[in-house]
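A.B. asks: okay, predicted coordinates and the sequence, questions at the end:
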Amino acid sequence: MINSTVKCRFCDTPLRHTFADLGLSPFANSYIKWEQLYQMESFYPLQVYVCETCFLVQLPEFQRPEEIFGDYAYFSSYSESWLQHVKLYTDMMVKRFSIDPNWMVVEIASNDGYLLQYFKGKGIPVLGIEPARNVASAAQDAGIPSVVKFFGVQTATELADTGKYADLIIGNNVLAHVPDINDFVNGMKILLKPKGIITMEFPHLLRLVEEHQFDTIYHEHFSYFSLITVKKIFDTHGLTLFDVEELPTHGGSLRIYARHSEDSSKPVRRTVPELIERETRDGFTNLKYYLNFGDKLKEAKRNILEFMIGLKKEGKTIAGYGAPAKGNTLLNYCGIRTDFIDFTVDRSPHKQGHYLPGTRIPIFHPDKIKESRPDYLLILPWNLKEEIMGQMAHIRDWGGRFVVLIPHVKVYA
Ligand SMILES: [Zn+2]
């Protein structure tokens, strides 16, 4: 059903076209405690629109972010590979732009200082901006100065008023989570020094579409960007993209580099027009391209269920590995509960002992796999499948097999 009152968060055009309708779903990060098991749970529409004017793929804002992030009690348990990723980023940036202790590096959604610690280690002044108080205080304890705030024009102006400007603004996996994208990008324009640099990483819409990554859609994730659309947004706010890189993280991300449009000291690299041309060729400026995704989504669901039903008919046991937000979208959309998956396991002690939202699948310590010896282990964070298959290689001792469902159902014997 189309609600004609919702408007594009960037250009204000009424949203009339559905990109993906995943039905009703609970918030993907609202893990259920044992004592909540017999209580009701809130489900919200998970319907993604595409704007016919600017082609921003988006969820309408219907819930204040404070409510979503309110019980965001979990500290992100960063995987080794992610820490390695941000360490390499730090080294690359310092070298490429000759960053020295005269720079001020600001990260938006800086979490516990997982990234800024590497700049700090090189003697470069840093400042984190992080809305979750408990997470920000963990960063403070680790010696990373952090302000507890949502980022936007107001926060940027407050910092600028006290003489705090940024030579480098970093945002990793935050742009997609911002409800008011114009206010956010405008805030960066205010905070950035005249010759400053912005880098942002976010999942690339092209990969979501091509690899059927529908499970990366969840309520906390408001926008899904192509380079074409993100460039339009930055251009509008007087910021120019001067480079872009494609990264393997999160199933395929972009890292964009931006500067003030007035700053001619950093010419635009060929990477930007080249990727825009590729997206245009693929159909990203054609509404029909987006409208086709709904059929792919339904087909993926049918294939997944067909496979799961087949296993259960053969009397096989299936356990899950991981309890990521994306797993919750997939399981809720497909209607996969303990009728298919006995339990899942997660290394995070903050998730163990809880239940997945909506599906109420219990989460245990990974040792549970050894005890129960399932025939199939379904890897929910498919972007980490190599890492996980390495850690859990022992399931092969009893003939266990790994399963990944995105982009297609695939069994690894
Ligand atoms: Zn729009």
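C.D. replies: Thanks, I have it.
A.B. asks: how about the residue in the stretch 301-413 of the chain that the ion sits nearest to: what's its closest non-neighbour residue?
C.D. replies: The ion sits closest to residue 329 of the stretch 301-413 of the chain, with a gap of 23.7 Å, by C-beta to the ion. C-betas here are computed from N, CA, C, even on glycine. Leaving aside its sequence neighbours, residue 329 sits nearest to residue 215 (C-beta to C-beta, 6 or more residues apart in numbering; 4.5 Å).
A.B. asks: where's that neighbour relative to residue 265, distance?
C.D. replies: 41 Å (C-beta to C-beta, to the nearest Å).
A.B. asks: quick one: buried residues of the helix or strand where the residue of the stretch 301-413 of the chain closest to the ion lies?
C.D. replies: Assigned by DSSP states H and E, residue 329 belongs to helix 325-334. Neighbour counts over helix 325-334 (16 or more other C-beta atoms under 10 Å) mark 325, 326, 327, 328, 329, 330, 331, 332, 333, 334 as buried.
A.B. asks: which helices and strands sit right next to whatever helix or strand comes next after it?
C.D. replies: The element immediately downstream of helix 325-334 (helix or strand, assigned by DSSP H and E) is strand 344-345. Judged by 3 or more C-beta pairs under 8 Å, 6 or more residues apart in numbering; DSSP states H and E, strand 344-345 is in contact with strand 318-321, strand 363-364, helix 367-372.
A.B. asks: one step back: show me what contacts the residue of the stretch 301-413 of the chain closest to the ion?
C.D. replies: Residues in contact with residue 329 (C-beta atoms under 8 Å, 6 or more residues apart in numbering) are 22, 25, 28, 46, 214, 215, 216, 217, 218.
A.B. asks: ok, the residue lying closest to residue 178 once chain neighbours are set aside - how many residues close by?
C.D. replies: Nearest residue to residue 178, sequence neighbours excluded (C-beta to C-beta, 6+ apart): residue 184, at 4.4 Å. Residues lying near residue 184 (other C-beta atoms under 10 Å) number 23.
A.B. asks: double-check that residue 184 belongs to a helix.
C.D. replies: Yes - secondary structure of residue 184 (DSSP: H, G, I helix; E, B strand; the rest coil): part of a helix.
A.B. asks: tell me how far it lies from residue 280.
C.D. replies: Applying C-beta to C-beta to residue 184 and residue 280 gives a distance of 26 Å.
A.B. asks: and residue 236, by the same measure?
C.D. replies: Computed as C-beta to C-beta, the residue 236 to residue 280 distance reads 19 Å.
A.B. asks: return the residues of the chain in contact with the ion.
C.D. replies: Proximity of the chain to the ion, by C-beta under 5 Å from the ion, involves residues 8, 10, 11, 13, 51, 53, 54, 56.
A.B. asks: and the residues you listed, which of them are buried?
C.D. replies: Applying 16+ other C-beta under 10 Å to those flags 8, 10, 11, 51, 54, 56 as buried.
A.B. asks: hang on, the earlier thing: export the residues of the chain next to the ion to CSV and append columns for secondary structure.
C.D. replies: Output for those, formatted as CSV (three-state DSSP):
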residue, secondary structure
8, coil
10, coil
11, coil
13, coil
51, coil
53, coil
54, coil
56, coil
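A.B. asks: for residue 300, what are its contacts?
C.D. replies: 212, 214, 406.
A.B. asks: would you say it is within a helix?
C.D. replies: Yes - using three-state DSSP, the secondary structure at residue 300 is a helix.
A.B. asks: so which of the buried residues of helix 325-334 is the closest to residue 121?
C.D. replies: residue 325 (30.1 Å; C-beta to C-beta).
A.B. asks: wouldn't the closest one be in contact with residue 26 here?
C.D. replies: No - judged on C-beta atoms under 8 Å, residue 325 makes no contact with residue 26 at a distance of 10.9 Å.
A.B. asks: one step back: would you format the contacts of residue 329 as JSON lines with distance to residue 250 and secondary structure included?
C.D. replies: Formatted as JSON lines, the contacts of residue 329 follow (distance: C-beta to C-beta, whole Å; DSSP: H, G, I helix; E, B strand; the rest coil):
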{"residue": "22", "distance to residue 250": "19", "secondary structure": "strand"}
{"residue": "25", "distance to residue 250": "20", "secondary structure": "strand"}
{"residue": "28", "distance to residue 250": "14", "secondary structure": "coil"}
{"residue": "46", "distance to residue 250": "19", "secondary structure": "strand"}
{"residue": "214", "distance to residue 250": "14", "secondary structure": "helix"}
{"residue": "215", "distance to residue 250": "12", "secondary structure": "helix"}
{"residue": "216", "distance to residue 250": "7", "secondary structure": "helix"}
{"residue": "217", "distance to residue 250": "13", "secondary structure": "coil"}
{"residue": "218", "distance to residue 250": "13", "secondary structure": "coil"}
